[in-house]
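*Asks:* what shape does this take:
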Amino acid sequence: MIRFPLIRQNTPSRGFFAGFFHRHVPVLSMPSLRRAATLAVMSASVVACGAPRDGVRLTEGATTVPSEEAMALPPPGGPAVVSVVSRTFTNADEQDILLFTSASTPGQNFLRIKLFGPMGIDRDGGKSLGYATLRESTIGQEMRAQFPGVGMKRSDLFLQNDYGPFGYAFGRGRQNDSCFYGWQQIRSNEQERSAFQNGGTIQVRLRLCEQGASEEKLLSVMYGYTIRAGISKPGWNPYGAPPSVDDGLGRTSNPIRPLPQDLEPARVTHVSRPIVTKVVPVRATQVENSTQLVPSPDGVQNPQAAETIPLPVTSDMNTVVVPSPSCVANSDGTPPC
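*Replies:* Take a look at the predicted model:
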């Protein structure tokens, strides 16, 4: 228990209440007030440290997901995906696919994609993502934020990739850096949209800075990226109805020939000639009941015979006796007849 010194006053009382407070309520000096205030602050700090606190929450539901869950991917060959940051809203899903960056210009390369559409009742009560169509002012603000101090020139060309028209700007960053910013909105035609079909919108942004890269190389990323996600809700189809088939398909008197680049170049097939073995006749002579094989004049060795049969000579022909069928040889080999 802390005791505080009392300061007595000799001022006469002014009425019942004044006398009561002067008699029963102590008056503290300034040092005592300072000590009391310090103790109160220390007590509040101890209580605050001991009280449980809520966990840290990420704004807008931002989470890091594996690269396999990216809603869009750059073309094969790069730039490589470093990380994927995903955000969920009541009316959209947004992802920043962070790409490899080695340029000296400040900023992070990314491929940003937004899918607008019905997300389900499980997201009711959350935060919604504001929708803004493509405008000159909007693109200008985005480029000033992504490329501070870099002069970006918009292209006047009308270009299309597999998903439709898109625009881009190109500029030079620090040192030898080339910077690129592309934008695209995928949405079905107004006459095709209704409350039940061909709804939804996809927006894409591409920010790239690369050292020594050409405009053509950075532009090729807009032609090669792939959207690999969608909203599984009825009527969500930002791509619109499929194009109609050419009227000439399947009709007579309308030949369709392949282009030269569609055919493989002619291949020359080299047929190897078979090796022909020259057969040389062999002359055999009898030497002591054996046959000597004479090599051919070309130096080709004749194969060795597995068994040599001597050829008959004139003397052998005169002494040959052919026994009759009834004449059987004796045990010593002499003919009995």
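
*Asks:* isn't there a strand covering residue 244?
*Replies:* No - read with DSSP: H, G, I helix; E, B strand; the rest coil, residue 244 is coil and lies in no strand.

*Asks:* what's the burial count for it?
*Replies:* 6 (other Cβ atoms under 10 Å). Every C-beta, even on glycine, is put in place using the N, C-alpha and C of the backbone.

*Asks:* tell me how far the residue nearest to residue 120 when sequence neighbours are not counted lies from residue 61.
*Replies:* Among residues not flanking residue 120 along the chain, residue 233 sits closest, at 7.9 Å (Cβ to Cβ, 6 or more residues apart in numbering). Residue 233 is 19 Å from residue 61, where distance means Cβ to Cβ, to the nearest Å.

*Asks:* does the closest residue to residue 154 other than its chain neighbours count as helix, strand or coil?
*Replies:* Leaving aside its chain neighbours, residue 154 sits nearest to residue 169 (4.5 Å; criterion: Cβ to Cβ, 6+ apart). Assigned by three-state DSSP, the conformation of residue 169 is strand.

*Asks:* which ones are touching residue 169?
*Replies:* By Cβ atoms under 8 Å, 6 or more residues apart in numbering, residue 169 lies in contact with 139, 143, 152, 153, 154, 155, 180, 181, 182.

*Asks:* same check, this time on residue 211
*Replies:* Residue 211 sits next to 102, 103, 104, 175, 176, 177, 178 when contact means Cβ under 8 Å, 6+ apart.

*Asks:* in JSON lines, list the residues you listed along with pLDDT and neighbour count.
*Replies:* Putting the contacts of residue 211 into JSON lines (pLDDT from 0 to 100; neighbours: other Cβ atoms under 10 Å) gives the following:
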{"residue": "102", "pLDDT": "90", "neighbour count": "10"}
{"residue": "103", "pLDDT": "94", "neighbour count": "20"}
{"residue": "104", "pLDDT": "94", "neighbour count": "11"}
{"residue": "175", "pLDDT": "92", "neighbour count": "10"}
{"residue": "176", "pLDDT": "93", "neighbour count": "12"}
{"residue": "177", "pLDDT": "96", "neighbour count": "19"}
{"residue": "178", "pLDDT": "97", "neighbour count": "20"}
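
*Asks:* out of the residues you listed, flag the one nearest to residue 118.
*Replies:* The shortest approach to residue 118 among the contacts of residue 211 belongs to residue 103, at 39.2 Å (Cβ to Cβ).

*Asks:* where's that closest one relative to residue 179, distance?
*Replies:* 8 Å.

*Asks:* over to residue 109?
*Replies:* For residue 109 relative to residue 179 (Cβ to Cβ), the value is 10 Å.

*Asks:* which residues are in contact with both of the two?
*Replies:* 103, 208, 209.

*Asks:* is the first one in contact with residue 172, as I believe?
*Replies:* No - with contact taken as Cβ atoms under 8 Å, residue 103 and residue 172 are classed as non-touching, separated by 11.1 Å.

*Asks:* spit out the residues that contact these two alike.
*Replies:* Jointly contacting residue 103 and residue 172 under the rule Cβ under 8 Å, 6+ apart are residue 179.

*Asks:* got a list of what the residue nearest to residue 120 touches?
*Replies:* Counting by Cβ under 8 Å, 6+ apart, residue 233 touches 117, 118, 120.

*Asks:* any of those buried? List them.
*Replies:* Neighbour-count burial (16 or more other Cβ atoms under 10 Å) is assigned, among the contacts of residue 233, to residue 117.

*Asks:* dump the contacts of residue 233 to a markdown table, plus distance to residue 73, pLDDT and secondary structure.
*Replies:* Shown next, in a markdown table, are the contacts of residue 233 (distance: Cβ to Cβ, whole Å; pLDDT from 0 to 100; DSSP: H, G, I helix; E, B strand; the rest coil):
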| residue | distance to residue 73 | pLDDT | secondary structure |
| --- | --- | --- | --- |
| 117 | 20 | 92 | coil |
| 118 | 25 | 90 | coil |
| 120 | 25 | 82 | coil |
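
*Asks:* for residue 263, state which of the contacts of residue 233 is nearest.
*Replies:* Using Cβ to Cβ as the measure, the one of those that approaches residue 263 most closely is residue 117, at 43.4 Å.

*Asks:* ok, the closest one to residue 133 distance?
*Replies:* 16 Å.
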